[in-house]
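>>> okay, predicted coordinates and the sequence, questions at the end:
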Amino acid sequence: MFGIFWWVRQTILIFVGCFFIAFGILLLVSAYGMDDPYSFIMGFFSANLMILISATLVLGFVLRMVKAYKLSKNKDDPSE
């Protein structure tokens, strides 16, 4: 049901999500170095939004992979 390309695609999507989490953290740290309060607020909230969305996507991809693994494990188990 789940071919090798599906697993590779999910792994790549997890790595891309982790990259955007790291990039969001980098933006968040750089927001604290800004002098303008308006730029700080915009940088702070945009970095937090990027981290939140990326973390949610990574969690969804990981849970999807765990579910697929459990389904494939139960399918291969002849005792059931």
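Good, I have the coordinates. Residues are numbered from 1 along each chain as shown.
>>> mind listing what's buried along the strand or helix carrying L59?
Applying DSSP states H and E as the criterion places L59 in helix 37-76. In terms of neighbour count (16 or more other C-beta atoms under 10 Å), helix 37-76 has its buried residues at 43, 47, 50-51, 54, 57-58, 61, 65. Every residue, glycine included, has its C-beta placed from N, CA and C.
>>> per-residue pLDDT, the residue nearest to the spatial centre of the chain?
Central residue check for the chain by C-alpha atoms, centre = their mean: the C-alpha nearest the mean position is that of V58, 2.4 Å away. At V58, the predicted lDDT confidence score is 97.
>>> now L27: how far from F5?
For L27, the distance to F5 under the criterion C-beta to C-beta, to the nearest Å works out to 32 Å.
>>> who has more neighbours out of these two?
When L27 and F5 are compared for neighbours, L27 comes out ahead with 16 against 8, by other C-beta atoms under 10 Å.
>>> OK, contacts around the more buried one?
43, 46-47, 50 (C-beta atoms under 8 Å, 6 or more residues apart in numbering).
>>> nothing else from me, thank you.
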